[in-house]
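S.K.: missing the sequence, but the structure's below:
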């Protein structure tokens with residue numbers, strides 16, 4: 001079981017995001033990021049990030065399962 005550090009880090013990030021003041025909105029558009037190429041790029045980057053996150057999570061669960069199998073535990077009560 002990992003220590004409290006990861007949970008504390010997640011809590012601090014959540015508080016920072018929730019309590020940080022939002023940037024003021026502009027009355028006019030800053031750039032022209034609404035062309036078909038820009039939309040396709042945004043969709044591609046989003047899909048790539050989702051796939052990378054899924055593969056990373058899958059590898060983390062496989063490592064946990066492999067470690068439990070090596071220890072001979074099945075994840076139940078002792």
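M.R.: Looks like it came in fine. The shown structure was predicted, so the numbers you read here are calculated from the model rather than taken from an experiment.
S.K.: Let me see the backbone angles for residue 22.
M.R.: Dihedral pair for residue 22: phi -70, psi 150, per degrees, to the nearest 10.
S.K.: and if you look at residue 20?
M.R.: Backbone torsions for residue 20, taken as degrees, to the nearest 10, come to phi -70, psi 140.
S.K.: Read off the pLDDT value for it.
M.R.: Model confidence at residue 20, given as pLDDT, is 78.
S.K.: Regarding residue 3, what is its secondary structure?
M.R.: Three-state assignment for residue 3 (DSSP: H, G, I helix; E, B strand; the rest coil): coil.
S.K.: Report the mean per-residue pLDDT for the helix ranked longest in the chain.
M.R.: The longest helix of the chain (DSSP state H) is helix 36-71. Across helix 36-71, the average pLDDT comes to 84.
S.K.: buried set for that helix?
M.R.: The neighbour-count check on helix 36-71 (16 or more other Cβ atoms under 10 Å) flags nothing as buried. (Each C-beta comes from the backbone N, C-alpha and C, glycine too.)
S.K.: Which strands or helices does it pack on?
M.R.: Using 3 or more Cβ pairs under 8 Å, 6 or more residues apart in numbering; DSSP states H and E as the contact test, no helix or strand touches helix 36-71.
S.K.: which stretch of helix or strand covers residue 21?
M.R.: Assigned by DSSP states H and E, residue 21 belongs to no helix or strand.
S.K.: Can you give me the neighbour number for it?
M.R.: Residue 21: 5 surrounding residues under other Cβ atoms under 10 Å.
S.K.: And it, its phi and psi?
M.R.: According to degrees, to the nearest 10, residue 21 has phi -70, psi 140.
S.K.: and the gap between it and residue 14?
M.R.: Between residue 21 and residue 14 the distance is 16 Å, computed by Cβ to Cβ, to the nearest Å.
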